[in-house]
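Chemist: Need coordinates for the below:
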Amino acid sequence: VHTELVRVPTVRDVHRERGIVVVSGHLAVIWRGGPDWIFFDFSEQSDLPWRGVEPLTDARGAAMYHGNLAMTRLRGGDLDRARGELEQAIALDPSWPEAWVNLGVVQRRSGDLAGAYLSYTRALDLDPSNSSALANLAWLHAHAGETAKRDRVLRAAASHREVTAYTLLSLARVELAQGHEREARRALRKARLARPGTPEVQEALAWWAHVEGDPARAERHARKAMRLRGPKPGPTKPRGGRL
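Modeler: All right, here's what the predicted structure looks like:
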């Protein structure tokens with residue numbers, strides 16, 4: 001049976017894990033065996049929104065496989081193997097922007113800031129609206145003390161549909177620091193709409209309430225952030241025995 005791999009752009013998850021913003025998409029398989037496409041999926045959801053699916057080449061699918069392995073290595077702290085997997089992904093499909101973005105992340109965490117800059121700009125050559133590449137490039141400008149470039153790139157990232165709430169929170173702080181309260185409020189509102197159930201958003205809302213002089217509202221958001229983060233692990237109980 002001839003099937004095709006497709007990306008489902010309407011299914012997306014964004015979360016922060018060990019300081020890494022992880023953006024996860026969703027893949028499925030279709031069969032064009034008649035007037036209607038037949039979808040094959042292994043998701044637990046039975047009512048996925050299939051509109052706008054994007055067919056992928058075999059090369060892109062193979063590159064994504066190595067990209068997923070790279071992210072597993074990265075989250076485990078194995079930067080060398082993560083880089084090797086991403087280089088394999090790029091060899092399979094050099095036109096995949098996300099592979100270049102992720103390679104830049106690994107390079108930055110390895111201390112290769114010049115290499116990270118080249119990777120992010122390569123991603124933007126392929127996809128000028130790639131908000132992940134823009135957000136990471138903004139970090140490099142901030143690290144170099146180039147605040148004007150950082151602000152310009154952050155605002156460009158925030159203008160795109162797939163911008164993450166974490167980028168919007170960074171922009172809100174930048175705008176407020178420059179006295180742009182209206183723009184800061186807009187960025188914070190977009191972050192809240194994008195990810196209302198994340199502790200970072202609730203912490204930012206608490207921070208904003210303090211700025212506006214509303215301690216009661218700040219306390220409500222702070223408590224909600226604590227609930228979302230869950231209980232902190234306590235000290236391990238010493239075991240019995242002799243030393």
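Chemist: Would you check that residue 105 makes contact with residue 115?
Modeler: No. Between residue 105 and residue 115 there is no contact under Cβ atoms under 8 Å: 11.0 Å. Bear in mind the C-beta positions are built from the backbone N, C-alpha and C, glycine included.
Chemist: which residues does residue 139 contact?
Modeler: By Cβ atoms under 8 Å, 6 or more residues apart in numbering, the contact set of residue 139 is 108, 150.
Chemist: Can you get me the centre-to-centre distance for the helix or strand hosting it and its chain?
Modeler: Element membership for residue 139, per DSSP states H and E: helix 131-143. Counting by Cα atoms, centre = their mean, to the nearest Å, helix 131-143 is centred 12 Å from the centre of its parent chain.
Chemist: Averaged pLDDT, it. What do you get?
Modeler: Taken as a whole, helix 131-143 has a mean pLDDT of 93.
Chemist: what distance separates stretch 25-38 from the centre of its chain?
Modeler: Relative to the chain's own centre, stretch 25-38 is displaced by 27 Å; criterion: Cα atoms, centre = their mean.
Chemist: Can I get that stretch in CSV, CA atoms only?
Modeler: What follows is stretch 25-38, C-alpha atoms only, in CSV (Å, rounded to 0.1, in the frame of the first residue of the first chain):
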residue,chain,number,x,y,z
GLY,A,25,4.7,18.6,16.3
HIS,A,26,2.6,15.6,15.1
LEU,A,27,3.1,13.2,12.2
ALA,A,28,0.6,10.8,10.6
VAL,A,29,0.3,8.7,7.5
ILE,A,30,-2.3,9.1,4.6
TRP,A,31,-3.4,6.8,1.8
ARG,A,32,-4.8,8.5,-1.3
GLY,A,33,-6.8,5.5,-2.4
GLY,A,34,-9.9,7.3,-3.5
PRO,A,35,-11.8,10.6,-3.5
ASP,A,36,-11.2,10.9,0.3
TRP,A,37,-7.9,10.5,2.1
ILE,A,38,-7.6,7.8,4.7
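Chemist: for the helix or strand that the helix holding residue 139 is followed by, packing partners?
Modeler: Per DSSP H and E, the first helix or strand lying C-terminal to helix 131-143 is helix 147-158. Applying 3 or more Cβ pairs under 8 Å, 6 or more residues apart in numbering; DSSP states H and E, one finds that helix 147-158 contacts helix 131-143, helix 165-177.
Chemist: List the buried residues in the last one.
Modeler: Think helix 165-177. Across helix 165-177, burial judged by 16 or more other Cβ atoms under 10 Å covers 165, 166, 167, 168, 169, 170, 171, 172, 173, 174, 175, 176.
Chemist: possible to save those residues as TSV with distance to residue 29?
Modeler: Formatted as TSV, the buried residues of helix 165-177 follow (distance: Cβ to Cβ, whole Å):
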residue	distance to residue 29
165	30
166	31
167	32
168	34
169	36
170	37
171	38
172	40
173	42
174	42
175	43
176	46
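Chemist: just these now: which is nearest residue 57?
Modeler: Among these, residue 167 lies closest to residue 57 (Cβ to Cβ), at 28.9 Å.
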